[in-house]
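Asks: got a predicted model here, sequence first, then my questions.
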Amino acid sequence: MTIEQVADGTYRFRDGLVNSYLLEDGGEVTVVDAAWPRSWPRLKREVESLGPKSSVVAILLTHGHPDHLGSAEKARRSWEVPVLTHRDEIGRVTGKAKGSSPFTLVPGLLPMLWRPGVSGFVIHATAHGFMTPRWVAEVSGFEEGGELDLPGGPKVVFTPGHTQGHCSFHLPDRGVLIAGDALVTLDVLTREVGPRLLPDALNVDSAQARTSLGRLAGIDADVLLPGHGEPFTGPLAGAVESARTAGNMGK
């Protein structure tokens, strides 16, 4: 597994169906999302491949599902850096909130397990540690709006729906939006590609997720970096419109 540069100072680390991103600025690095619970050896190797002068200063989470908080606790301890997420997401990231267990997704997926894509995703996720998350012991919260004082200068865009405290991050100087699971280019259950929302079975509130798309439509960015799928290049408003009209497997 290797990393690839997807924009100025911005790198993608892909582990199976999940993307994490590294924001480098003056030798300092922000890691956005920490992949799967079992991704740590690969994530550590690829981050350190940026060079001996690179220093990780924070782990920034779009949300607290196990395929995004993944290796955050190991990274926090190993690199001695803070883990940051939206204040409404802290309970999920620490495993203390109702509904934080990955087993809460099981009832929505059970009726669809006969579909090869769904059963394949469950097997893939389980093999990568999705069902045995490593909760983060110490988390710092931030509010929506404003710019975080981190490499890359990420601006917080509150995009709830997939989870209660989900956030995307705008990098205005790089023309980039890191969308997490608010806007993806791969349906992990059907393997359909193109800008879209994740299936209803994976969202806390799909109606809210659709509403959150409106917060993204007016952002000035021409590189969309999703939590699942390939980067999308083009006006963000076009990606949002495509997501609004894409099929969504709700049941």
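Replies: Yep, it's here.

Asks: nearest spatial neighbour of Trp79, skipping sequence neighbours?
Replies: Leaving out its chain neighbours, the residue that sits closest to Trp79 by C-beta to C-beta, 6 or more residues apart in numbering is Val56, at 4.8 Å. All C-beta spots, glycine's among them, are computed from the backbone N, C-alpha and C.

Asks: any idea whether that neighbour is helix, strand or coil?
Replies: Secondary structure state of Val56, per DSSP: H, G, I helix; E, B strand; the rest coil, is strand.

Asks: state the distance from it to Val83.
Replies: As judged by C-beta to C-beta, to the nearest Å, Val56 and Val83 stand 11 Å apart.

Asks: now the common contact residues for these two.
Replies: With contacts defined as C-beta atoms under 8 Å, 6 or more residues apart in numbering, the residues adjacent to both Val56 and Val83 are Ala75.

Asks: what segments of this protein are helices?
Replies: For the chain, the helices defined by DSSP state H occupy 40-48, 66-69, 72-79, 90-94, 106-109, 116-127, 206-217, 236-245.

Asks: between the third one and helix 40-48, how many degrees?
Replies: It stands for helix 72-79. Compare the direction of helix 72-79 with that of helix 40-48 by axes from the mean of the first three to the mean of the last three C-alpha atoms, to 10 degrees and you get 50 degrees.

Asks: now do the last one
Replies: In this structure, helix 236-245 runs at an angle of 160 degrees to helix 40-48, with the same axes, to 10 degrees as the basis.

Asks: for the protein, name the helix or strand with the lowest mean pLDDT.
Replies: Across the helices and strands of the chain, mean confidence by mean pLDDT, DSSP states H and E is lowest for helix 106-109: a mean of 90.

Asks: ok, and what's touching that helix?
Replies: Around helix 106-109, the neighbours that count as contacts under C-beta under 8 Å, 6+ apart are 118, 122, 200-202.

Asks: just the CA trace of it, in PDB.
Replies: The C-alpha trace of helix 106-109 is given here as PDB (Å, rounded to 0.1, in the frame of the first residue of the first chain):
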ATOM      1  CA  VAL A 106     -26.600  -5.000  11.900                       C
ATOM      2  CA  PRO A 107     -30.400  -4.700  11.900                       C
ATOM      3  CA  GLY A 108     -30.400  -2.500   8.800                       C
ATOM      4  CA  LEU A 109     -28.000  -4.800   7.000                       C
END
